[in-house]
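Q: no FASTA, just this:
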């Protein structure tokens, strides 16, 4: 899987923060992230001493545990130029680390340094590396897709991630973006919120599912696995009788890294997306159709 | 007002099943946020105004005592009187006292959330004085024995049929479901009250220190009749409403109208600067301002100080997906939505109010629209910290967090746990129970999730396991070459 580094580029030393959800539920997100980083000339390591960013403790009001986990994460990433994670939410948490230490605590400055060096993957690729480095690497989709992008809350409002994933996705040949209504409205996941207030969470994700389905997209894309598990789980529950019409949910890095050979989130098999306009699917040797498959005029 | 905040979850559950309420909330969502967005787009300097509003409020809060004293001395100079109420009960007693001094039997009332906070109406009624709400929404609520579910659209939870029934029961007129007819009925009924009222009570959106003025902004004009017709005008408001100058006030008026209803300016902006002077054609003979503290001065200098910047525009609740799902009454006390989730625990205690700051995904939408940039999610988190430090966090959450933290602090053990969990869940998903569908349709201990949605199954080995294998393979490749 090792990639050629882009020549004549400094190769930043990046520590991957895998995030607990991607680690457990969808390692392919981690490998897609690594692939993108390596394609754009980064040296990637995965520090052993990482676990979770500490957000569950922080949002439950347990500052002591949050600080202990923060200290551990700060140490784990001490030697890296950047921390990159496939999640705006976890990076958002790392940005809170400086608040967890008193001014005189040496970890306060270390926390600030880590916060300043930490990036969500699409923002790292777009804002730090630059889109040109990635452009050459992007593959044409074998099957055209229409995607709709859900803006996860922390990424959007805390980190200002909005155009980065869209600009990157637009570079992919055969991919069209169709914005859903209220792309910026919370999906109702909210970490422990979805189990503390399941009925409210359900209403929120039900609304979200309606917007996703109404968008006409065949693929739901996002940058945070928590939200994606929530939305994919709801879309599948709602559409259990019409599995062929289901919107496929994927993390943005899977599309950017052209790693679509794994099933969509919560699916058993790689699914061929439904389409209505004839196009030739060279990879599978079958004809597929889809109005959604037409590039935007 | 009864405190029902501890029952938030049950009330929210009922609200989610209430079709009428859901329809009303849908209308709200289509209304105010949309209008605000248009108003903001038409004003390129809006974001800069928000900064100014935040900074000015911070300045005021740093010098709150100074401006309040200046306000008091100006009111006195104008011939009015300022009363200081430490608690809501104090405020009610002061107001009753004034009413009794002028032998009041009925009082008219403009809309005031502070009077909801103190429970003024009940108190006056118990003491033989009939308060009459004159804001249309509040009037409807009063007829129904109901309370506001929103701070600027108090009857937003009701529909036309509810209003029609309430009016039919009280107005002695044939039942009508025509909004114009209903409006006229309310107008006729209220005109009689305006004329006979002995005292008019209003709130205040701002208190201007340099002139000793209070201002109310309304879209119905009811406040003007409430405060100019009776002989006595009592303003009930809270200490953080003071602003230094009229110029400062206009900054907040510009922010308030746009943030609240998307109007560029509210229809009626009425200033009161003391009792009627010689030569004035109207106005009250007596002018009183009751300044309520009720816990606010304790917030100054605390981690909740930022909350005192609030100008009660309602933008936070209008944009909140939780408020939009469950409505204002679910919150169980006076102030709903994100601002209520911060204020309520201060006023009723975190022991009773903890459900509210927990009922947030911290999506941050509220903060992003707040005209004075109150970091509402951060303040809600501070309440969770307070709750946690007082051991009030529910046991299940506490134990869950404790076990998770134990693992999260021990990477080697944590790897074993994630490995086993991924494997276990994957196995379960592939078993006949899971239906081999790449997902789980029910899970013990996670029914809050699986009651409503599927749980995508893990892919198999964890990333860390696979990464290690890749590292080892590369190592071997390297050795071989």
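A: Thanks, I have it. The shown structure was predicted, so the numbers you read here are calculated from the model rather than taken from an experiment. Residues are numbered from 1 along each chain as shown, chains lettered A, B, ... in the order given.
Q: going forward, measure contacts and count neighbours with C-alpha atoms only.
A: Will do.
Q: next, count neighbours for the one residue in the stretch 51-200 of chain A that gets nearest to chain B.
A: Nearest residue of the stretch 51-200 of chain A to chain B: residue A:61, at 3.6 Å (Cα to the nearest Cα). Neighbourhood size, residue A:61 [other Cα atoms under 10 Å in any protein chain shown]: 22.
Q: same question for residue B:180.
A: Residue B:180 has 10 nearby residues by other Cα under 10 Å.
Q: please, which helix or strand holds it?
A: Using DSSP states H and E, the element containing residue B:180 is helix B:179-196.
Q: list the buried residues of that helix.
A: Applying a neighbour-count criterion of 16 or more other Cα atoms under 10 Å in any protein chain shown, one finds B:182, B:185-186, B:190, B:193-194 buried in helix B:179-196.
Q: one more: stretch B:29-46?
A: Neighbour counts over stretch B:29-46 (16+ other Cα under 10 Å) mark B:29, B:32-33, B:35-36, B:39-40, B:46 as buried.
Q: residues touching that stretch, excluding its own?
A: For stretch B:29-46, the external contacting residues (Cα atoms under 8 Å, 6 or more residues apart in numbering or on different chains) are B:255, B:258-264, B:315, B:318-319, B:324.
Q: what sits closest to residue 271 if chain neighbours are left out?
A: With no chain named, the answer covers chain A. With sequence-adjacent residues excluded and distances taken as Cα to Cα, 6 or more residues apart in numbering or on different chains, residue A:271 is closest to residue A:263, at 6.8 Å.
Q: not what I meant, chain B
A: Take residue B:271 and drop its neighbours on the chain: the residue closest to it by Cα to Cα, 6+ apart is residue B:215, 4.3 Å away.
Q: quick one: the one you found is in a helix?
A: No. If the criterion is DSSP: H, G, I helix; E, B strand; the rest coil, then residue B:215 is strand and not within a helix.
Q: so it sits against residue B:209, correct?
A: No. If you go by Cα atoms under 8 Å, residue B:215 and residue B:209 don't touch, sitting 11.6 Å apart.
Q: the two - which one has more neighbours?
A: Ranked by neighbour count (other Cα under 10 Å), residue B:215 and residue B:209 place residue B:209 first, with 23 against 20.
Q: setting aside sequence neighbours, what's the nearest residue to that one?
A: residue B:71 (4.0 Å).
Q: now do the contacts for that neighbour.
A: Residues in contact with residue B:71 (Cα under 8 Å, 6+ apart) are B:207-213, B:242.
Q: which one of these sits closest to chain A?
A: The nearest member of these to chain A, counting by Cα to the nearest Cα, is residue B:242 at 31.1 Å.
Q: and the pLDDT for that closest one?
A: Turning to residue B:242, the model gives it a pLDDT of 98.
Q: that one - how many residues pack around it?
A: Number of residues near residue B:242 (other Cα under 10 Å) recorded here: 28.
Q: what's it in contact with, if anything?
A: Residue B:242 is in contact with B:60, B:64, B:67-68, B:71, B:206-209, counting by Cα under 8 Å, 6+ apart.
Q: CSV for those, including pLDDT and secondary structure?
A: Below are the contacts of residue B:242 laid out as CSV (pLDDT from 0 to 100; DSSP: H, G, I helix; E, B strand; the rest coil):
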residue, pLDDT, secondary structure
B:60, 98, helix
B:64, 98, helix
B:67, 98, helix
B:68, 98, helix
B:71, 98, helix
B:206, 98, strand
B:207, 98, strand
B:208, 98, strand
B:209, 98, coil
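Q: buried residues, stretch B:167-174. List them.
A: For stretch B:167-174, burial by neighbour count (16+ other Cα under 10 Å) applies to B:167-168.
Q: so what touches that stretch?
A: Residues outside stretch B:167-174 that contact it (Cα under 8 Å, 6+ apart) are B:140, B:143, B:175-176, B:182, B:185, B:189.
Q: now, the most widely separated pair of those residues?
A: Greatest spacing in those, by Cα to Cα: B:143 and B:176 (16.1 Å).
Q: closest one to residue B:200 out of the buried residues of stretch B:29-46, please.
A: For the buried residues of stretch B:29-46, the closest approach to residue B:200 (Cα to Cα) belongs to residue B:32, at 29.7 Å.
Q: state the mean pLDDT of the helix or strand hosting the closest one.
A: Take DSSP H and E as the rule and residue B:32 turns out to sit in helix B:19-41. Helix B:19-41 shows a mean pLDDT of 94 in the predicted model.
Q: and that helix, how far from the chain's centre?
A: Centroid separation for helix B:19-41 versus its chain: 16 Å, with Cα atoms, centre = their mean, to the nearest Å.
Q: cool, stretch A:198-210 as well?
A: Put simply, stretch A:198-210 sits 21 Å off its chain's centre (Cα atoms, centre = their mean).
Q: show me the contact partners of that stretch.
A: Residues from elsewhere that reach stretch A:198-210, judged by Cα under 8 Å, 6+ apart: A:185-189, A:193-194, A:230-231, A:234-235, B:12-13, B:16, B:321-322, B:325-326, B:448-449, B:452.
Q: swap the cut-off to 7 Å and go again
A: Contact with stretch A:198-210 is made by A:187-189, A:194, A:231, A:234-235, B:13, B:321-322, B:325, B:448-449, B:452, as judged by Cα atoms under 7 Å, 6 or more residues apart in numbering or on different chains.
Q: quick one, what contacts residue A:67?
A: Listed by Cα under 7 Å, 6+ apart, the contact partners of residue A:67 are residue A:100.
Q: near chain A, from the buried residues of helix B:179-196?
A: Among those, proximity to chain A is found for none (Cα under 7 Å from any Cα of the partner chain).
Q: quick check, nearest of these to chain A?
A: Nearest to chain A, judged by Cα to the nearest Cα, of the buried residues of helix B:179-196 is residue B:182 at 34.0 Å.
Q: in a helix, residue A:148, correct?
A: No. Counting by three-state DSSP, residue A:148 falls outside a helix, being strand.
Q: hey, what's it bridged with?
A: Beta-bridge partners for residue A:148, by DSSP bridges, are residue A:220.
Q: max pairwise distance over the contacts of stretch A:198-210: which two?
A: Taking Cα to Cα as the measure, the contacts of stretch A:198-210 span a maximum distance of 22.0 Å, between A:235 and B:13.
Q: contact residues of the stretch 201-350 of chain B facing chain A?
A: Residues of the stretch 201-350 of chain B lying close to chain A by Cα under 7 Å from any Cα are B:321-322, B:325.
Q: enumerate every residue touching whichever residue of the stretch 251-400 of chain B sits closest to chain A.
A: As assessed by Cα to the nearest Cα, chain A sits closest to residue B:385 within the stretch 251-400 of chain B, at 3.6 Å. Going by Cα under 7 Å, 6+ apart, residue B:385 touches A:60-62.
Q: run through the helices of chain A in chain order.
A: Using DSSP state H, the helices of chain A run over residues A:20-25, A:27-39, A:55-60, A:63-76, A:88-96, A:106-117, A:121-123, A:131-135, A:153, A:163-170, A:193-196, A:198-214, A:225-238, A:252-256.
Q: cool, thanks, signing off.
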